[in-house]
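A.B. asks: No sequence on hand, only this structure:
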């Protein structure tokens with residue numbers, strides 16, 4: 001099977017639904033997208049491996065490798081999209097539509113279009129001599145659990161030293177982003193008649209103490225951790241929602257709080273979770289009440305590639321652009337943990353992602369192809 005034109009590739013990828021969601025009713029697999037990429041890459045000479053997720057065989061990662069050696073370049077992205085509401089779109093979200101010098105469609109920018117651009121960039125270089133591999137990595141479930149990236153191990157990317165995560169950044173190199181934890185705190189007290197507090201143990205009052213502890217911890221963390229590269233330079237802790245009790249004249253027997261913590265580089269999620277758990281244990285002991293904490297989603301660590309590293313300075317030289325930070329999370333920390341120097345950089349804008357009428361600007365395509373070709377020549381060609 002021959003590789004289609006760039007526009008046809010983007011059209012087929014957008015036209016192949018691959019929504020991932022925490023809601024089972026909306027969640028679907030990504031295998032048709034993975035199979036399409038495999039069918040395009042194999043005729044180009046790539047060694048293609050399709051790796052189903054152990055717990056979800058209808059979802060898979062793809063690792064396509066061209067060449068051998070060490071010091072190679074990974075061009076990485078996710079194949080899933082967020083859900084969408086068709087009624088809010090001006091055109092069919094699953095049919096690529098060109099208008100106003102833009103390519104509209106779900107995943108056009110975030111981030112199926114990147115794969116087509118990467119393949120297009122490689123085509124003219126196929127007859128060149130490689131000193132190190134070019135690897136196209138396509139993952140599953142980035143928009144929900146990041147289970148695809150979590151499943152990767154060092155041996156999957158043998159020979160690679162550098163990674164570009166093609167999230168939509170307007171082609172600006174991104175060297176850092178914050179991490180995230182989303183947690184649920186549940187307090188199980190004892191209900192009873194409100195006329196006699198001795199009959200119960202008020203979970204809502206205990207939660208009041210928990211919230212005080214969390215806000216105190218927030219202040220401590222913001223005093224200790226600061227990163228001037230971010231618009232909001234400290235970690236944040238947001239109290240998102242709370243539910244408890246059922247009647248004014250009944251002692252609250254159960255109360256639940258959901259919050260998120262956005263960490264900055266230098267903060268480990270597990271360390272933060274232990275700090276919070278220690279605070280909760282103090283309240284539980286003091287009030288003789290049961291307090292539990294559970295993750296609402298697998299956390300994502302903060303990411304930072306040192307500005308003096310070879311990849312950052314190399315990309316800065318090629319783009320003539322100062323590296324920046326972003327507030328959204330990506331798969332970058334997972335690649336970094338595998339020992340790869342990593343940057344986030346791709347066509348399109350994050351402002352269009354997760355929105356009705358998502359689009360890829362046509363004016364980003366040629367510069368993206370040229371930039372990826374420069375990176376491949378720099379890190380992979382002899």
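C.D. replies: Okay, I see it. As the structure is a prediction and not an experimental result, all values here were calculated from the model. Numbering: from 1, shown residues only.
A.B. asks: count of residues packed around residue 55?
C.D. replies: Residue crowding around residue 55 was assessed by other C-beta atoms under 10 Å; the count is 9. Heads up, the C-betas are built off the backbone N, CA and C, glycines and all.
A.B. asks: for it, what are its contacts?
C.D. replies: residue 147 (C-beta atoms under 8 Å, 6 or more residues apart in numbering).
A.B. asks: Buried ones in whichever strand or helix holds residue 366, by neighbour count?
C.D. replies: Using DSSP states H and E, residue 366 falls within helix 365-379. The neighbour-count check on helix 365-379 (16 or more other C-beta atoms under 10 Å) flags 365, 368, 369, 371, 372, 373, 374, 375, 376, 379 as buried.
A.B. asks: Verify the stated contact: the fourth one with residue 318.
C.D. replies: If I follow you right, that is residue 371. Yes - applying C-beta atoms under 8 Å as the test, residue 371 and residue 318 come out as touching, 6.6 Å apart.
A.B. asks: got the contact list for stretch 67-78?
C.D. replies: Residues from elsewhere that reach stretch 67-78 (C-beta under 8 Å, 6+ apart): 111-112, 114-115, 118, 130-143, 148-149, 157, 159-167, 331, 335, 340, 346, 372, 375-376, 379-380.
A.B. asks: Please give the centre-to-centre distance between that stretch and its chain.
C.D. replies: Relative to the chain's own centre, stretch 67-78 is displaced by 19 Å; criterion: C-alpha atoms, centre = their mean, to the nearest Å.
A.B. asks: End to end on it, go ahead and measure it.
C.D. replies: Terminal residues of stretch 67-78 are spaced 22 Å apart (C-alpha to C-alpha, to the nearest Å).
A.B. asks: Over to stretch 319-337?
C.D. replies: Start-to-end span of stretch 319-337 (C-alpha to C-alpha) is 26 Å.
A.B. asks: Okay, buried residues for that stretch please.
C.D. replies: By neighbour count on 16+ other C-beta under 10 Å, the buried set for stretch 319-337 is 319, 323-326, 329-336.
A.B. asks: And for stretch 73-90?
C.D. replies: So for stretch 73-90, counting by 16+ other C-beta under 10 Å, buried means 73-84, 89.
A.B. asks: centre of the chain versus it, how much separation?
C.D. replies: Put simply, stretch 73-90 sits 12 Å off its chain's centre (C-alpha atoms, centre = their mean).
A.B. asks: just stretch 127-135 next, same as before
C.D. replies: Worked out by C-alpha atoms, centre = their mean, stretch 127-135 lies 28 Å from the chain centre.
A.B. asks: what's that stretch in contact with?
C.D. replies: Stretch 127-135 has contacts (C-beta under 8 Å, 6+ apart) with 63-75, 122, 157, 159-161, 376-377, 379-382.
A.B. asks: Now, of those, which are buried?
C.D. replies: Buried subset of the contacts of stretch 127-135 (neighbour count, 16+ other C-beta under 10 Å): 63-67, 72-75, 122, 157, 159-161, 376, 379-380.
A.B. asks: now, which of the residues you listed lie within strands?
C.D. replies: 63, 64, 65, 66, 72, 73, 74, 75, 160, 161 (DSSP state E).
A.B. asks: For residue 38, state which of these is nearest.
C.D. replies: Checking those against residue 38 with C-beta to C-beta, the nearest one is residue 64 at 7.3 Å.
A.B. asks: For that closest one, list each beta-bridge partner.
C.D. replies: Counting by DSSP bridges, residue 64 is bridged to residue 48, residue 136.
A.B. asks: which residues does it contact?
C.D. replies: By C-beta under 8 Å, 6+ apart, the residues touching residue 64 are 37, 38, 41, 42, 46, 47, 48, 49, 135, 136, 137, 138.
A.B. asks: Which strand or helix spans the third one?
C.D. replies: This means residue 41. helix 31-41.
A.B. asks: Show me the longest helix that occurs in this protein.
C.D. replies: The single longest helix within the chain, with elements called by DSSP state H, is helix 203-224.
A.B. asks: Buried only: go through the contacts of stretch 67-78 for me.
C.D. replies: Counted by 16+ other C-beta under 10 Å, the contacts of stretch 67-78 give 111-112, 114-115, 118, 130, 132-143, 148-149, 157, 159-167, 331, 335, 340, 346, 372, 375-376, 379-380 as buried.
A.B. asks: circling back: turn the buried residues of stretch 319-337 into a markdown table, including pLDDT, secondary structure and distance to residue 266.
C.D. replies: Shown next, in a markdown table, are the buried residues of stretch 319-337 (pLDDT from 0 to 100; DSSP: H, G, I helix; E, B strand; the rest coil; distance: C-beta to C-beta, whole Å):
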| residue | pLDDT | secondary structure | distance to residue 266 |
| --- | --- | --- | --- |
| 319 | 94 | helix | 26 |
| 323 | 97 | coil | 18 |
| 324 | 97 | strand | 18 |
| 325 | 97 | strand | 13 |
| 326 | 95 | strand | 17 |
| 329 | 94 | coil | 16 |
| 330 | 96 | coil | 18 |
| 331 | 97 | coil | 20 |
| 332 | 97 | helix | 16 |
| 333 | 97 | helix | 13 |
| 334 | 96 | helix | 18 |
| 335 | 97 | helix | 19 |
| 336 | 96 | helix | 14 |
